[in-house]
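*Asks:* sharing a model prediction with you, sequence too.
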There are 2 protein chains.
Amino acid sequence: MTEQPGRRERKKAATRQKIADTALRLFAEHGYDAVGIREVAAEADVAVTTLFSHFSSKEALVFEQDEDFEQRLVRAVTDRRPDEALIPALRREIHAMVRHCTADGAAPLWRMIEESPALRQYEEAMRQRHARSLATAIAADLGLPQITPTCGAVARFVVDAFSVARETDDPQAAVDEVFRMIEAAWAVAGATPPPRESVAV
Amino acid sequence: MTEQPGRRERKKAATRQKIADTALRLFAEHGYDAVGIREVAAEADVAVTTLFSHFSSKEALVFEQDEDFEQRLVRAVTDRRPDEALIPALRREIHAMVRHCTADGAAPLWRMIEESPALRQYEEAMRQRHARSLATAIAADLGLPQITPTCGAVARFVVDAFSVARETDDPQAAVDEVFRMIEAAWAVAGATPPPRESVAV
DNA sequence: TTTCAAAACACTAACCGTTAGTGCTATGGT
DNA sequence: ACCATAGCACTAACGGTTAGTGTTTTGAAA
C-alpha cells in the first residue's frame, strides 16, 4: 500500500543505476565491444547474474530509457488534450524525443550506437516493439477492438520519423518533413470509413 | 572473363546450398532453438568455420533469400517500365513478395520465424537494411545526389507495408490499404519542390 | 603440362553473452 | 519476533562466434 518506494526498492533502484552508470562509463572509455559483461559486473561490484536480473541483455544497458520512450509514445496518445488531434500530438512528442537525443550530453552516446551494428540492430527491434504498443494505443483511441493495418502502419510511420530524423543533419526539420507525409497518409486512411471487419472468418 | 560460373564457384554454391537445406530441414524437424550450429555443420558434413564462411550468423541460415529481397526492391525501382510510376511499381513488388511468403510451402517457415524472437529481430534489422538500399535507389531515380528525409521515409513506409501485412490475416488487402496511405504521403512529398539543400554547411 | 597463388575448407581452442541451479541474506509485513 | 519473499551471489555450463593455423582444391599463368 506504500505509495512511495520502500528501502528495499530504493536499494534495488540504486543497484540498477550503479550498474548502468558503470557500464556507460566503461563503454565510453574503452568502446562498447571492448568491454565485457564480466568487467562491467566486477567494476559495479555485483555478480554477473545480478546484472542480468536488472538488464535483459548487454545492449539493454545502453538503452536504459527503453520503457520511457515506449510510455511517452503511448501517453502522447492517451493523455493528450481532448481538442488535440492524434498526429499533431505525436509530432510534438517525436520532436521532444529527437531534441532529447540530440542534446549536448547525449551526443557521444548516440554516436556509439551508430557505430555498433549490435546496438543498431537492438534499437530497430526496440522501435518495433514501441510501434506495436503505439498501434494498440491508437486502435484503442479510435475505439477499435484491435489493431488494423492502418493503425499498424501509422504507428510504424511515426517511429520511422524518429529513425529517419536521426540520420539527417537537421533532425527537427526532417521530423516536420516526414510528419507532413504522415498527416497526408492519415487523412486518406481516416477518410475510409472504419473497416467493417478486419478479421476474416 | 568467363561469364558462367566455373567449377570452383559451382562447388561453392553447392556447399552453401547443402548447408542451407540441411539447416532448414533440421530446424523444421526439431525447432530452431533446439538445433545447434555444431549439429547443422556435422549433418551437412562441413566444419563450423566453413558454415560461418557462407553465412554470417545462425539467423542468416533462415533468411537465405536476404539479398534476393533486397535486389527485388531495388530493381522494382530501377528496372520498371518508363511509363510506370514509382509507388505502383513498388506496390506490385510488395504484393508479389507477400504472395511468395504466404505460399503453401513457405507457411511453416514463416511460422517458425514468428515464434522465435531472435529471428524476428533479425528480420527487422534485415528490412532496415533493405529500406536503406531502397532509399538510395529512389534518390537516384529522382536524380537526387543523396538520400533525403522524404526518400528515407517512403522507403521505410514501403517495407513497413510488408511487415504490417504479414501480421494480418488478409495480407493482400492490407498491402493495398497501406499503399493507399503511402500514395497520399508520396503525393504530398512530391508536391514540395526538390529540397533546395538537404545538407547543412 | 607443370607450376603457383589464391581461396575454400578443416580443426582446435578459445572468447563472450547468457542462463540454470543453488543457496545465502536482507527486507517488509504479520 | 518471525517468516515468506526477493534481491543477490557463486559456480559451471551452454551455444554462437571467431582467431589462428594448416591442408586441399582450383583456375590460370608459364
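*Replies:* All right, it came through fine. These numbers were taken from a predicted model, which means no experiment stands behind them.
*Asks:* around DNA strand D, pick out the residues from chain A.
*Replies:* In this structure, chain A approaches DNA strand D at residues A:8, A:11-12, A:15, A:45-50, A:53-54, judged by C-beta under 7 Å from any atom of the strand. No exception for glycine: its C-beta is placed from N, CA and C like everyone else's.
*Asks:* one more pass at 6 Å, please.
*Replies:* Contact residues, chain A versus DNA strand D (C-beta under 6 Å from any atom of the strand): A:11-12, A:15, A:46-50.
*Asks:* list buried residues within those residues.
*Replies:* Buried members of the residues of chain A next to DNA strand D, scored by 16 or more other C-beta atoms under 10 Å in any protein chain shown, are A:15, A:46.
*Asks:* give me the element the spatially most central residue of chain A is part of.
*Replies:* The centroid of chain A falls nearest to residue A:69 when counting by C-alpha atoms, centre = their mean (3.6 Å). Per DSSP states H and E, residue A:69 falls inside helix A:66-78.
*Asks:* for that helix, which helices and strands make contact with it?
*Replies:* helix A:86-101, helix A:117-141 (3 or more C-beta pairs under 8 Å, 6 or more residues apart in numbering or on different chains; DSSP states H and E).
*Asks:* which one, of these, ends up nearest to residue B:149?
*Replies:* Of all those, it is helix A:86-101 that lies closest to residue B:149, at 11.9 Å by C-beta to C-beta.
*Asks:* is chain B within reach of that closest one?
*Replies:* No. Judged by C-beta under 8 Å from any C-beta of the partner chain, helix A:86-101 makes no contact with chain B; its nearest approach is 11.9 Å.
*Asks:* so which of the helices and strands packed on helix A:66-78 gets nearest residue B:104?
*Replies:* Nearest to residue B:104 among the helices and strands packed on helix A:66-78 is helix A:117-141 (27.6 Å), distances taken as C-beta to C-beta.
*Asks:* what is the distance between that closest one and the centre of its chain?
*Replies:* 7 Å (C-alpha atoms, centre = their mean, to the nearest Å).
*Asks:* residues in contact with it?
*Replies:* Contacts to helix A:117-141, defined as C-beta atoms under 8 Å, 6 or more residues apart in numbering or on different chains, come from residues A:32, A:57-60, A:62-63, A:66, A:69-70, A:73-74, A:77-78, A:86, A:112-114, A:145-148, A:151-152, A:154-156, A:158-159, A:162-163, B:120-122, B:124-125, B:128.
*Asks:* which of those count as buried?
*Replies:* Buried members of these, scored by 16+ other C-beta under 10 Å, are A:32, A:58-60, A:62-63, A:66, A:69-70, A:73-74, A:77, A:86, A:112-113, A:147-148, A:151-152, A:154-156, A:158-159, A:162-163, B:120-122, B:124-125, B:128.
*Asks:* in chain A, where is pLDDT below threshold?
*Replies:* A:1-8, A:191-201 (pLDDT under 70).
*Asks:* can you give the domain ranges for it?
*Replies:* A:7-59, A:66-191 (automatic domain parsing).
*Asks:* residue B:40: which of the ones you listed is closest?
*Replies:* domain A:66-191 (22.2 Å).
*Asks:* ok, the closest one near DNA strand C or not?
*Replies:* No. Against DNA strand C, domain A:66-191 shows no contacts by C-beta under 6 Å from any atom of the strand, the least distance being 8.5 Å.
*Asks:* centre of the chain to that domain, how far?
*Replies:* 8 Å.
*Asks:* tell me where chain A has helices.
*Replies:* Using DSSP state H, the helices of chain A run over residues A:7-30, A:37-44, A:48-54, A:58-62, A:66-78, A:86-101, A:107-115, A:117-141, A:149-166, A:171-191.
*Asks:* got TSV for those, with distance to residue B:171 too?
*Replies:* Below are the helices of chain A laid out as TSV (distance: least, C-beta to C-beta, whole Å):
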stretch	distance to residue B:171
helix A:7-30	41
helix A:37-44	40
helix A:48-54	38
helix A:58-62	31
helix A:66-78	26
helix A:86-101	25
helix A:107-115	33
helix A:117-141	17
helix A:149-166	9
helix A:171-191	17
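*Asks:* deepest in the core, which of these is it.
*Replies:* Mean neighbour count, computed with mean count of other C-beta atoms under 10 Å in any protein chain shown, is highest for helix A:149-166 among those, reaching a mean of 26.
*Asks:* and that one, what does it pack against?
*Replies:* Judged by 3+ C-beta pairs under 8 Å, 6+ apart, helix A:149-166 is in contact with helix A:86-101, helix A:117-141, helix A:171-191, helix B:149-166, helix B:171-191.
*Asks:* will you turn those into a markdown table that also has distance to residue A:26?
*Replies:* Listed next are these as a markdown table, based on distance: least, C-beta to C-beta, whole Å:
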| stretch | distance to residue A:26 |
| --- | --- |
| helix A:86-101 | 21 |
| helix A:117-141 | 15 |
| helix A:171-191 | 28 |
| helix B:149-166 | 33 |
| helix B:171-191 | 43 |
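*Asks:* between those helices, which one is nearest to residue B:28?
*Replies:* helix B:149-166 (19.3 Å).
*Asks:* just the C-alphas of that closest one, formatted as PDB.
*Replies:* Output of helix B:149-166 as PDB, limited to C-alpha atoms (Å, rounded to 0.1, in the frame of the first residue of the first chain):
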ATOM      1  CA  PRO B 149      14.300  12.500 -45.300                       C
ATOM      2  CA  THR B 150      11.400  12.000 -47.800                       C
ATOM      3  CA  CYS B 151      13.300   9.300 -49.600                       C
ATOM      4  CA  GLY B 152      14.200   7.600 -46.400                       C
ATOM      5  CA  ALA B 153      10.700   7.800 -45.100                       C
ATOM      6  CA  VAL B 154       9.000   6.500 -48.200                       C
ATOM      7  CA  ALA B 155      11.400   3.600 -48.400                       C
ATOM      8  CA  ARG B 156      10.700   2.700 -44.800                       C
ATOM      9  CA  PHE B 157       7.000   3.000 -45.300                       C
ATOM     10  CA  VAL B 158       7.200   0.500 -48.200                       C
ATOM     11  CA  VAL B 159       9.000  -2.100 -46.200                       C
ATOM     12  CA  ASP B 160       6.600  -1.400 -43.300                       C
ATOM     13  CA  ALA B 161       3.800  -2.400 -45.600                       C
ATOM     14  CA  PHE B 162       5.300  -5.800 -45.900                       C
ATOM     15  CA  SER B 163       5.700  -6.200 -42.100                       C
ATOM     16  CA  VAL B 164       2.300  -4.900 -41.400                       C
ATOM     17  CA  ALA B 165       0.700  -7.100 -44.000                       C
ATOM     18  CA  ARG B 166       2.400 -10.200 -42.600                       C
END
